[in-house]
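Peer 1: got a structure for you, letters missing:
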């Protein structure tokens, strides 16, 4: 496996044995990975996270005492939005998966996943910014179809400016936001504004949500 870039991880799970097992697995199979710290729950995470040395990815459980995964994701989104979150949980019901995706997590794995898939997810999040299985995206599409059942494509289009449509098309590619800003001859701050405006207009909270919305409504073809 490539030795660059270095991946900094954190493990947040209330089961010590599970954390130690994941740490041993990663240490044995991903040599260019540094686990910065382990935490029992969201409160413990707040005590241990260092704003001057943030993890690239946090592997996060959902069902934890005192401060669960949902509260932890919201706290991270507010205080350290650049940190990517990979959920690892035994909870596999549709509502939970969709809720986490809408909160903007970058991946969702079952705790019984095979080791190869875990490493693939970490690498994908580092390289592409996300790791979504067909099952996960299908659940999100189903949810979005329900939420927007009363909206026509025409009414959706009427909410969007020409530049927002152009941004949406580029957001469905593998270009980074910085690259999209360059292609549109706009500042990264303006691009952030388009993204946040579309999040609100289309009622989504992640880039994959934008892409799925666009595909579902025939705005782009992937």
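Peer 2: Happy to help now that I have it. Everything numeric here is computed off the predicted structure, so don't read it as measured data.
Peer 1: quick one, what contacts residue 79?
Peer 2: Residues in contact with residue 79 (CB atoms under 8 Å, 6 or more residues apart in numbering): none are found. C-beta coordinates here come from the backbone N, C-alpha and C atoms, glycine included.
Peer 1: Relative to residue 100, how far out is it?
Peer 2: 18 Å (CB to CB, to the nearest Å).
Peer 1: got it, and residue 110?
Peer 2: Counting by CB to CB, the gap from residue 110 to residue 100 is 13 Å.
Peer 1: Neighbour count: these two, which is higher?
Peer 2: residue 100 (24 against 14; other CB atoms under 10 Å).
Peer 1: From what I see, that one and residue 73 are in contact.
Peer 2: Yes: with contacts counted by CB atoms under 8 Å, residue 100 reaches residue 73, the gap being 7.0 Å.
Peer 1: ok, residue 70 - how many residues close by?
Peer 2: So residue 70, with other CB under 10 Å, has 14 neighbours.
Peer 1: residues of the host helix or strand of it that come out buried?
Peer 2: Applying DSSP states H and E as the criterion places residue 70 in helix 69-79. Residues 69, 72-73, 75-76 are the ones in helix 69-79 that count as buried (16 or more other CB atoms under 10 Å).
Peer 1: Which one of these is nearest to residue 46?
Peer 2: residue 75 (7.0 Å; CB to CB).
Peer 1: which residues of this protein fall in strands?
Peer 2: 7-12, 33-39, 57-60, 84-89, 107-110 (DSSP state E).
Peer 1: all helices of this protein, in order?
Peer 2: 16-29, 42-48, 69-79, 94-102, 115-128, 134-147, 153-158, 162-171, 177-183, 188-202, 207-216 (DSSP state H).
Peer 1: Could you list the low-pLDDT ranges of the protein?
Peer 2: Within the chain, the stretches with pLDDT under 70 are 1-4, 134-159, 221-222.
Peer 1: Got the domain ranges for it?
Peer 2: The chain breaks down into these domains under automatic domain parsing: 7-133, 148-216.
Peer 1: The closest residue to residue 176 other than its chain neighbours and residue 107: what is the separation?
Peer 2: Nearest residue to residue 176, sequence neighbours excluded (CB to CB, 6 or more residues apart in numbering): residue 129, at 7.8 Å. Residue 129 is 10 Å from residue 107, where distance means CB to CB.
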